[in-house]
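A.B. asks: Sequence first, then the predicted structure, then my questions.
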Amino acid sequence: MQQITPIILCGGSGSRLWPLSRKSYPKQFVPLVGDKTLFQNSATRLTGKQFKNPVIVTNSDYRFIVNEQLQEIGIEPGAILIEPEGRNTAPAILAAALFEYQINPDAILVVAPSDHIINDVNAFQLAIDEAYKVAQDGQLVTFGIKPTHPETGFGYLELSKISTAQAVPLKAFVEKPDLSNAKKMFQSENFLWNSGIFLFQARDIIEAFKKYSPSDLDAVNLSLKNSINDLGFCRLNLTDWVKTENISIDYAIMEKSDNLSVVPFSAGWSDLGGWDAVWRENVSNADGVNTSNNVTAIGCENSLIRSEDESIEVVGIGLKNIITVAMKDAVLVADISKSQDVKKAVDILKEKKASQATQFPKDHRPWGWFESLTIDENFQVKKIHVHPGASLSLQSHKYRAEHWIVVSGVAEVTIDEEVKLVSENQSVYIPLGAIHRMRNPGEKPMELIEVQTGTYFGEDDIFRYDDIYSRS
C-alpha cells in the first residue's frame, strides 16, 4: 500500500465557540476536549506507517502557531502552505494537490479539517483503507458519518444503497435540513452526515478542476509557481491567488462530479460546531453537568460550565440547560438550545467594535506571546513569554518608554550599543526612542513583566530595524 499524504486544512476562524475561539486564536488551537488541541489531535491520528508527513494549509497569522503545536507533539510537517487570503476550501485543497503532484504524480491524499473530533482512530483508519481501494480506480471519496441524532447544523450525504462500512456510490449532497427533514433522514439508513473529509489521487482532483473549474486551476497553478520560501513556509502568490473563486470544494467540484464514492463510518465524530457539541463530547456527571477547573456547580442539570482562567472562580446554582464560559475579558451565558446563535452575538460585538469579538486575551507571536494585564491613560502592564532561543525584533518606540522585570529565566537585552544579561528579579529600563531587543538565550521559557509609560501604547508604535521572522 502506497503511503498517503495527509492534507490538513487549518485556516478557519470559527466564531460559534466564542469567547474561547476567536479570529486571532480559533478553536483548532484550543484543547476543548482532552489535553491536546483539536489541530494536534487531527495531526496525530494521521500519523503512522501508512502516512507521509502532513501538508498543512493555513494563513499567515497562524503559521507559527501551527509550527509550534506540531513541535510540541513531535510531528515534522511535509510542508506548510500559506494562503495569502482566505478563499474557502476549494483553492486550498487544489494548492495542496498541485504541490504534492509536483513531488509525486501518483500521490494519494487524505484531506481533513483541523477542528474535528474522531474518538475511534482505529475505525477511522480502517475507513481510510477502504477509501484507498476505490481511489485507486479514480474515485473521489468522501466519508459519511452515521447520525446519532437529528442535526440541522450539518449537510448530509444520500447513499445510492445502504452500507455500513464499504464504499458505495454517492447519490446526492443534501443541504442543511430543517428539523422535520433531519428527523426523517435520521430514521433512514441511507443518509449520513457530511464529514468534510476526502480521499483521492492528486491527479484525479486536478483533473476534476480542469473539467469543472479551469480558471481556478490556472490561478492556483500560477500562485504556486510564483510562491516564495518564507522562513521555511511556502507563501502562495497573492496576485494570482485572489483570482480564484471563494468557494467550497463541495460546490466547486464534488456536487458536479460523477465519480464520487462514500465510505460510511461510526467513530465518535463531531465537528464541534457549537458549545452544545462540546458539552456532548466531554464527560459529564450523573446530572449531565460538565465542568472545568475552578468551577463549583450546585443543583445544576444538563449544563456546561467552564472557567478559562485560573484566577476566575465560576459558581453555578440551579442552572438547567445552560452554557457558561468565563474568560478574563468576556463571559458567555446561553441556553444550550441556542448554541448556534453565538455567531450572531459575535457579529453584534463586531458592529459595536468590541475588541473581544476577534482578539484573544493572549496575543500569540512567532517568538511566544504577551498578555495585557492592565492599561490606563498613561501606562500599560504586560506579561511577556518568550520561547527558548526566540528573539523579538530590534525596534524602537516613538511614544513610550519601557521597564522590563524578569520573573523567570534569563533575558539577553540590547539597548542601543549595550548588550547584557538580565536574570530573575532583575530589571532594566528602555528610554523612549532607544533601539532595543530582547532574546531568550536559555533552554527554558523566559517570562517578564513589561511596564510601559507614555502617551500611546498601540502595537503600531513599533519601528523594526531587524526581525528574524521577516515582519515589517
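C.D. replies: Nice, I can see it.
A.B. asks: Just confirm residue 328 is within a strand.
C.D. replies: No. Counting by DSSP: H, G, I helix; E, B strand; the rest coil, residue 328 falls outside a strand, being coil.
A.B. asks: Do I have it right that it meets residue 361?
C.D. replies: Yes. Here residue 328 reaches residue 361: they are 5.3 Å apart, a contact under C-beta atoms under 8 Å. Using the backbone N, CA and C atoms, a C-beta is placed for each residue, glycine as well.
A.B. asks: So between these two, which is more surrounded?
C.D. replies: residue 361 (20 against 17; other C-beta atoms under 10 Å).
A.B. asks: What pLDDT is listed against that one?
C.D. replies: Listed pLDDT for residue 361 reads 84.
A.B. asks: Enumerate every residue touching the closest residue in space to residue 119 that isn't next to it in sequence.
C.D. replies: Closest residue in space to residue 119, ignoring its immediate chain neighbours: residue 268 at 2.9 Å, by C-beta to C-beta, 6 or more residues apart in numbering. Counting by C-beta atoms under 8 Å, 6 or more residues apart in numbering, residue 268 touches 117, 118, 119, 120.
A.B. asks: In contact with residue 171, which residues?
C.D. replies: Per C-beta under 8 Å, 6+ apart, neighbours of residue 171: 158, 159, 160, 190.
A.B. asks: in what helix or strand does it lie?
C.D. replies: strand 168-174 (DSSP states H and E).
A.B. asks: how distant is the helix or strand just after that strand from the center of its chain?
C.D. replies: Counting by DSSP H and E, the element after strand 168-174 in chain order, helix or strand, is helix 179-187. The chain centroid and the centroid of helix 179-187 are separated by 31 Å, computed with C-alpha atoms, centre = their mean, to the nearest Å.
A.B. asks: and residue 228, how many neighbours?
C.D. replies: Neighbours around residue 228, by other C-beta under 10 Å: 10.
A.B. asks: Quick check, it in contact with residue 235.
C.D. replies: Yes. Residue 228 lies in contact with residue 235 (C-beta under 8 Å); the separation is 5.2 Å.
A.B. asks: contacting residues around residue 40?
C.D. replies: Taking C-beta under 8 Å, 6+ apart as the test, what residue 40 contacts is 69, 70, 72, 73.
A.B. asks: What subset of those is buried?
C.D. replies: The neighbour count (16 or more other C-beta atoms under 10 Å) marks 69, 70 as buried among the contacts of residue 40.
A.B. asks: Including secondary structure, could the contacts of residue 40 go into TSV?
C.D. replies: Converted to TSV, those look like this (three-state DSSP):
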residue	secondary structure
69	helix
70	helix
72	helix
73	coil
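A.B. asks: Make a markdown table from the contacts of residue 40 and add distance to residue 256 and pLDDT to it.
C.D. replies: Converted to a markdown table, the contacts of residue 40 look like this (distance: C-beta to C-beta, whole Å; pLDDT from 0 to 100):
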| residue | distance to residue 256 | pLDDT |
| --- | --- | --- |
| 69 | 35 | 94 |
| 70 | 34 | 95 |
| 72 | 40 | 92 |
| 73 | 37 | 95 |
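A.B. asks: Mind giving me the packing neighbours of the helix or strand containing residue 142?
C.D. replies: Assessed by DSSP H and E, residue 142 sits inside strand 140-145. Helices and strands touching strand 140-145, by 3 or more C-beta pairs under 8 Å, 6 or more residues apart in numbering; DSSP states H and E, are helix 121-135, strand 156-159, strand 191-201, helix 202-212, strand 260-265.
A.B. asks: again, 6 Å this time
C.D. replies: helix 121-135, strand 191-201, strand 260-265 (3 or more C-beta pairs under 6 Å, 6 or more residues apart in numbering; DSSP states H and E).
A.B. asks: contacting residues around it?
C.D. replies: When contacts are defined by C-beta atoms under 6 Å, 6 or more residues apart in numbering, strand 140-145 is touched by residues 131, 134-135, 157, 192-193, 195, 197-200, 257, 259-264, 269.
A.B. asks: can you list contacts of stretch 7-16?
C.D. replies: Residues outside stretch 7-16 that contact it (C-beta under 6 Å, 6+ apart): 21, 23, 26-27, 39, 42, 54-59, 66, 83, 86, 92, 96, 109, 111-114, 273-274, 342-343, 346.
A.B. asks: can I get the CA coordinates of it in PDB?
C.D. replies: C-alpha atoms of stretch 7-16 as PDB (Å, rounded to 0.1, in the frame of the first residue of the first chain):
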ATOM      1  CA  ILE A   7      -3.600  17.500   3.900                       C
ATOM      2  CA  ILE A   8      -4.700  19.300   7.000                       C
ATOM      3  CA  LEU A   9      -6.800  22.500   6.500                       C
ATOM      4  CA  CYS A  10      -6.000  24.900   9.300                       C
ATOM      5  CA  GLY A  11      -7.100  28.400   8.200                       C
ATOM      6  CA  GLY A  12     -10.600  28.700   9.700                       C
ATOM      7  CA  SER A  13     -11.600  31.200  12.300                       C
ATOM      8  CA  GLY A  14     -14.900  29.900  13.700                       C
ATOM      9  CA  SER A  15     -17.000  32.100  16.000                       C
ATOM     10  CA  ARG A  16     -19.600  29.600  17.300                       C
END
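A.B. asks: Show me the strands in the stretch 301-450 of the chain, by range?
C.D. replies: Using DSSP state E, counting those that start in this stretch, the strands of the stretch 301-450 of the chain run over residues 303-307, 314-317, 322-326, 331-335, 362-365, 368-375, 379-386, 394-396, 400-408, 411-415, 418-422, 427-430, 436-439, 446-454.
A.B. asks: And for the stretch 1-150 of the chain?
C.D. replies: Ranges of strands within the stretch 1-150 of the chain are 4-9, 55-59, 79-83, 108-113, 117-118, 140-145, based on DSSP E, counting those that start in this stretch.
A.B. asks: In this protein, where is pLDDT below threshold?
C.D. replies: Counting by pLDDT under 70, the chain has low-confidence residues at 471-472.
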